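Engineer: Sequence and computational prediction follow.
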Amino acid sequence: MNRTDIAVVGFAQAPQVAETTGTTNGVEMLVPIITEVLETTGLPRREVGFWCSGSSDYLAGRAFSFVSAVDAIGAVPPIVESHVEADAAWAFYEAWVKIRTGQARTAAVYGFGKSSAGDLRRVLALQLDPYTVAPLWPDAVSVAALQARAGLDAGLWSEKDMAEVAARSRADAIANPYAQLGDQVDAATLLDQPYVAEPLRAHDCPPVTDGAAVVVLAAASAAEDLCEHPAWITGLEHRIDSPVLGARELHRSPSTAAAAAAACGDIGTDGVQVAELHAPFSSQELLLRREVGLPDSARVNPSGGPLCGNPMFAAGLTRIGEAASRVMDGSADRVLAHATNGPALQQNLVCVMEGRD
Amino acid sequence: MATPLAPDTPLSAPLDVGFDYTRSLGPVLGRFMTALRERRIEGVRGSDGRVHVPPVEFDPVTSEALSEPVGVADEGTVVSWSWMPDPIAGQPLQHPFGWALVRLDGADTALLHAVDAGSPDRMRTGMRVRARWVDEPVGSIRDIACFEPAGPGAEPRGPAAPPPAGTEPVTMLTTPVHLAYRHSASVQESRYLRALAEGRFIGQRCPACGKVYVPPRGACPADGVPTEEEVELPDRGIVTTFCIVNVPFLGQRITPPYVAAYVLLDGADIAFLHLVLGCAADEVRMGMRVEAAWKPRERWTTSLENVDHFRPTGEPDAPFESYREHL
Ligand SMILES: [Zn+2]
């Protein structure tokens, strides 16, 4: 075992719901799941070597909401803590670096978002170029629709393919007690629905979701004490594409392909049994499958994925937690998780995890 | 105003935030905005010769700083589009329109904007569109009101309006941003605020460290555990520390000098900020005993503002040792 080997040893998530009555600093969602993950792993709160979170003040409508969230973790005596204004999958990356560089043996990473507090479609316009794009207030669904159209025009997928992704996700989500949506519906029925942003229909878009998630990582020296079947991280990489939407080929995602190639190593995606893809829109799942190069045998988003619950700033971390859980519960040996940030899959992270006997 | 709800429902209220983001443009974007004010569109040439519209300051591949402006047409081809049936606040058109990535003639990248096509049936990839300019351009992407269908069958354009008189280059961009939220108080804060509406103070005790928080926080920030035991607190306590406000500022309610103080209620472990009036500012001291001066009952709401200020009780000062842990 390499001394820099690191594993996911615990995961907990809040119910993905349309609206919580809680505050935008997420404390109400975070306290129970942090308590849960520390109990499951048996990791004492004071022994967490590093805390790192992902959230956004734009979602909360207030400054430094992540500082209030620290109430949920207990900061006395002083803790080592950090935050990213991004999906918490990037906080996970920071924690992994912290452990790799020997500055911590364990880390707890959490993300939270109360998307229902504001108008999410408008809030997300503010992540676009502030000079030439954001002043037009392009909403997130319309931007995703431009991307879906690009793939349709390129012949990479059809509206029927997109509806089939939605139908499969919703059927799988029935078994996920945390999912916001989940039902049996066939693609043909979905295709009878009107467009919300042509070529996207409601089923192609994620619900607006309040939620939170927490993942615990540990170095090899601690992992097996905290978890019977740790999900060992064999590759973790992230890459980014241009922020200029009109300079990208929107039906492609070179950053995903590059991150996946780097994270998967020489054997590529061979043997990946489960992939959790952070694809809030149905067309994005079809795009990501191609770019990651998943084998046909891989199960994609058995949790139901972001189409059935999309807690902003926690949904990417949730993909890592869900994929890791398939190793921790013994149902898979090799899994892949993907997370994204920014408009139309601008920035992408891929994490490959494996079990060991 | 708080929304009336069932007694245990957390309080919430609208929270509207707004800010005029004012940004300096730099040479590349400044030139682009200056051209827009003259109803011209200018891109920038990349390291590989490709023309970027909107312009980018650095080449996306080589990272080289870019500076060579290239004029392009205000007419071009749609490379992708979507349809917005129900426009939201701030978008270029307030009736149904198409969003499109438009590759202008002479450009190699596409510009995102609205297309006033009337119906999605008129939108398609490859369609020709042209800019519709506003009457009074100022140097903003919104000087292009939107795009409209062009090519065979389109109405001919009227004569171009003369360029506006502004001769100084555009160097700044102001973007007003207004967002509407519903801000929620926590369950614990809501109980505290409702108690204030009845003229009472309540706090909560941490089960781990025993500290009493007012307002209650739901989780002890030291221990990260939920605080559940509710504690009724008196409306009197001591001044732990204070400052004398001598400086006038916009919106000030009281004429300086006056005292802003941390007030620690008897039985609480966390002080909160309030006013101390009822004596000369220079008589206020650490350890001074104070009590709440409530506003008339008919003005009480779910707010700490129900307490107009704290005033001296005349009791002997508390010894320093009794509050040294609360500073
Ligand atoms: Zn405590």
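Structural biologist: Thanks, I have the structure now.
Engineer: Give the residue spans of the stretch 1-150 of chain B that score low on pLDDT.
Structural biologist: B:1-7 (pLDDT under 70).
Engineer: from memory A:F281 sits against A:G151, does it?
Structural biologist: No. With contacts defined as CB atoms under 8 Å, A:F281 does not count as touching A:G151, sitting 10.5 Å away. (Glycine included, C-beta is placed from N, CA and C.)
Engineer: can you give me the helices for the stretch 251-357 of chain A?
Structural biologist: Applying DSSP state H, counting those that start in this stretch to the stretch 251-357 of chain A gives helices spanning A:254-264, A:282-292, A:315-328.
Engineer: what packs against the longest one?
Structural biologist: Meaning helix A:315-328. The contact analysis (3 or more CB pairs under 8 Å, 6 or more residues apart in numbering or on different chains; DSSP states H and E) places helix A:315-328 against strand A:6-13, helix A:88-100, strand A:106-114, strand A:210-219, strand A:231-240, strand A:274-276, strand A:334-341, strand A:347-354.
Engineer: What residue in the stretch 1-150 of chain A comes nearest to chain B?
Structural biologist: Taking CB to the nearest CB, chain B has its nearest neighbour within the stretch 1-150 of chain A at A:G74, 2.7 Å off.
Engineer: ok, back up a step: so which of the helices of the stretch 251-357 of chain A gets nearest the ion?
Structural biologist: Among these, the nearest to the ion by CB to the ion is helix A:315-328 (27.1 Å).
Engineer: roughly how far apart are A:E39 and A:R45?
Structural biologist: Taking CB to CB, to the nearest Å as the measure, A:E39 falls 10 Å from A:R45.
Engineer: neighbour count winner among these two?
Structural biologist: A:R45 (16 against 11; other CB atoms under 10 Å in any protein chain shown).
Engineer: Got phi/psi on that one?
Structural biologist: phi -50, psi -40 (degrees, to the nearest 10).
Engineer: Who is the residue nearest to A:G265 when sequence neighbours are not counted paired with across the strands?
Structural biologist: Spatial nearest neighbour of A:G265, chain neighbours left out: A:G235 (5.8 Å); criterion: CB to CB, 6 or more residues apart in numbering or on different chains. Bridge pairing for A:G235 (DSSP bridges) gives the partners A:V352.
Engineer: ok, now which ones touch A:G235?
Structural biologist: A:G235 sits next to A:262-265, A:350-352 when contact means CB atoms under 8 Å, 6 or more residues apart in numbering or on different chains.
Engineer: Could you export those to JSON lines, including columns for pLDDT?
Structural biologist: Shown next, in JSON lines, are those (pLDDT from 0 to 100):
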{"residue": "A:A262", "pLDDT": "97"}
{"residue": "A:A263", "pLDDT": "97"}
{"residue": "A:C264", "pLDDT": "96"}
{"residue": "A:G265", "pLDDT": "94"}
{"residue": "A:V350", "pLDDT": "98"}
{"residue": "A:C351", "pLDDT": "98"}
{"residue": "A:V352", "pLDDT": "98"}
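Engineer: Filter those down to the buried ones.
Structural biologist: Neighbour-count burial (16 or more other CB atoms under 10 Å in any protein chain shown) applied to the contacts of A:G235 gives A:263-264, A:350-352.
Engineer: so which of those also contact the ion?
Structural biologist: Filtering the buried ones among the contacts of A:G235 for proximity to the ion (criterion: CB under 5 Å from the ion) leaves nothing.
Engineer: tell me which of these is nearest to B:S119?
Structural biologist: Comparing the buried ones among the contacts of A:G235 against B:S119 with CB to CB places A:V350 closest, at 41.3 Å.
Engineer: shouldn't that closest one be in contact with A:A263?
Structural biologist: Yes. With contact defined as CB under 8 Å, A:V350 counts as touching A:A263 (4.2 Å).
Engineer: so what sits against both of these two?
Structural biologist: Joint contacts of A:V350 and A:A263 (CB under 8 Å, 6+ apart) are A:235-237, A:336.
Engineer: dump the residue contacts of A:Q346.
Structural biologist: A:240-243, A:255, A:340.
Engineer: repeat for A:I73
Structural biologist: A:30, A:34, A:45, A:48, A:51, A:79, A:81, A:108, A:110, B:224.
Engineer: ok so, going back, settle this for me: the residue of the stretch 1-150 of chain A closest to chain B is touching B:P226, isn't it.
Structural biologist: No. Between A:G74 and B:P226 there is no contact under CB under 8 Å: 11.2 Å.
Engineer: ok, for A:D161, nearest residue in space, not its chain neighbours?
Structural biologist: Nearest residue to A:D161 in three dimensions, chain neighbours excluded: A:L286, at 5.9 Å (CB to CB, 6+ apart).
Engineer: burial of the one you found, as a residue count?
Structural biologist: A:L286 has 22 nearby residues by other CB under 10 Å.
Engineer: And the helices in chain B?
Structural biologist: B:26-37, B:187-196 (DSSP state H).
Engineer: Out of these, the one nearest the ion is which?
Structural biologist: helix B:187-196 (13.9 Å).
Engineer: which other residues reach that closest one?
Structural biologist: For helix B:187-196, contacts defined as CB under 8 Å, 6+ apart pick out A:21, A:23, A:28, B:2, B:7-11, B:185, B:201-204, B:214-218, B:227, B:230, B:300, B:302-304, B:306-307.
Engineer: now, which of those lie close to the ion?
Structural biologist: Taking CB under 5 Å from the ion as the test, the ion is in contact with none of those.
Engineer: Can you give me the domain assignment for chain B?
Structural biologist: Domain assignment of chain B by automatic domain parsing yields the ranges B:19-154+B:164-177, B:185-233, B:235-327.
Engineer: Report the contact partners of the residue of chain B found nearest chain A.
Structural biologist: Nearest residue of chain B to chain A, counting by CB to the nearest CB: B:G224, 2.7 Å away. Shown in contact with B:G224 (CB under 8 Å, 6+ apart): A:31, A:34, A:45, A:71-75.
Engineer: Identify those among these that sit within helices.
Structural biologist: A:31, A:34.
Engineer: Let's have the contacts of B:G224 in a markdown table, adding distance to the ion and pLDDT.
Structural biologist: Putting the contacts of B:G224 into a markdown table (distance: CB to the ion, whole Å; pLDDT from 0 to 100) gives the following:
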| residue | distance to the ion | pLDDT |
| --- | --- | --- |
| A:V31 | 13 | 91 |
| A:I34 | 15 | 96 |
| A:R45 | 12 | 93 |
| A:D71 | 10 | 83 |
| A:A72 | 13 | 85 |
| A:I73 | 12 | 89 |
| A:G74 | 8 | 85 |
| A:A75 | 11 | 85 |
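Engineer: are any of the contacts of B:G224 buried, and which?
Structural biologist: Of these, these count as buried by 16+ other CB under 10 Å: A:31, A:34, A:45, A:71-75.
Engineer: distance of the residue lying farthest from the centre of chain A from B:C209?
Structural biologist: Distance from the C-alpha centroid of chain A peaks at A:P77, with 30.9 Å (CA atoms, centre = their mean). The spacing between A:P77 and B:C209, counted by CB to CB, is 12 Å.
Engineer: same deal with B:L265?
Structural biologist: B:L265 is 18 Å from B:C209, by CB to CB.
Engineer: and the two? which has more neighbours close in?
Structural biologist: More neighbours surround B:L265 than the other of B:L265 and B:C209, with 24 against 14 (other CB under 10 Å).
Engineer: Can you verify my assumption that the more buried one contacts B:P234?
Structural biologist: Yes. Using CB under 8 Å, B:L265 makes contact with B:P234 at a distance of 6.4 Å.
Engineer: Identify the contacts common to these two.
Structural biologist: Residues touching both B:L265 and B:P234 (CB under 8 Å, 6+ apart): B:F201.
Engineer: Count the residues that sit near B:A271.
Structural biologist: Neighbour count for B:A271, taken as other CB under 10 Å: 20.
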